Each structure stands twice: as structure tokens, then as C-alpha cells.
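Asks: When you get a sec, could you give me coordinates for this:
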Amino acid sequence: MLRILRSSALCVVLFSLFLQAGLAKTEYQSGTLVAIEKTTKITPIDYIYETVVSYYETVTYELQIRVGGDTYFAKYTPEVQPNWPLPSEWGPDQPIRLRLEKNRLFVKLKLDGEITTFIAHHSRAKSP
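Replies: Numbering: from 1, shown residues only. Here you go, the predicted structure:
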């Protein structure tokens, strides 16, 4: 009986630690979406005598996001190509909510969910 109580107490402690770690991941910070640049990559599929006759386009957005003194340059490729619309709240100099995790930057959407972007590089503001 004592063994069951100990293992139950251990499970409760581990579960609470796991829950706290999961909640820490959802803490968002404020940032500013400074600029959005659209790039299109064309990949040929078929040729006829050195002339491309069919191709597909991959649209990628390069986002410049300022968080405090840091500026992040992130890339976002929509799942539906090539004409999937950007979220309506995204625009130059717009406030956004985000969280950072290693080489990824998650942008919180107003309604629900988040969009994953990949950090290409970032720069820090120069000290005077």
C-alpha cells in the first residue's frame, strides 16, 4: 500500500512539472512586424527543346520582426501554394505576439493558433 502511495505521489509531482513546462512554452511576447517581402521560386517540370513548358511556383515570405533590441529575419512558406493569403493582421509596422524556440519563431494569430516561421538570422541593436 505504501508503495502505491509513493508511486502515485511521484506521478502527481511529475505531471505537475510536465504541465508547468508545457505552459511555459505558450508564453508569448510582444514584437513588431517591420516588413514583409514576397519571393517566388520557379521550378521547371517539363522541357521541350530547352524551353520550359511547365513549372511550379513556391512562394515564400521573408518577415522582419523586431523584438526589443533584436531584429529577426524569418521565412514563412504557406502550405497551400502559390496563392495562399497571409493572415489579415500581418502588415508593415503592426504589433504581433510571438514566441521563440531555437531556430523557429511562432507567430500567434488573433483568432486561434499560430504560424511557424524559421529564423534565417537575427541582429542586435548597436549600443551607443
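Asks: Quick check: buried residues in the top strand by length along the chain?
Replies: In the chain, ranked by residue count with DSSP state E as the criterion, the top strand is strand 29-48. Burial within strand 29-48, assessed by neighbour count using 16 or more other CB atoms under 10 Å, is assigned to 31, 33, 36. Backbone N, C-alpha and C define where each C-beta goes, glycine included.
Asks: Please enumerate residues in contact with it?
Replies: Contacts with strand 29-48, where a contact means CB atoms under 8 Å, 6 or more residues apart in numbering, come from 52-67, 71, 82, 86, 90-100.
Asks: repeat that for 6 Å
Replies: Counting by CB atoms under 6 Å, 6 or more residues apart in numbering, the neighbours of strand 29-48 from elsewhere in the structure are 52-67, 92, 94-96, 98.
Asks: Stretch 62-72 too?
Replies: Outside stretch 62-72, the residues that reach it (CB under 6 Å, 6+ apart) are 31-37, 73-75, 105, 119, 122-125.
Asks: List only those of the contacts of strand 29-48 flagged as buried.
Replies: Neighbour counting with 16+ other CB under 10 Å marks 59, 61, 63-67, 96, 98 as buried within these.
Asks: biggest separation within these, which pair?
Replies: The largest distance within the buried ones among the contacts of strand 29-48, taken as CB to CB, falls between 59 and 67 and amounts to 24.9 Å.
Asks: before we move on, the earlier item: in its sheet, what does the longest strand of the chain sit against?
Replies: Counting by DSSP bridges, the strands paired with strand 29-48 are strand 51-67 (antiparallel), strand 94-101 (antiparallel).
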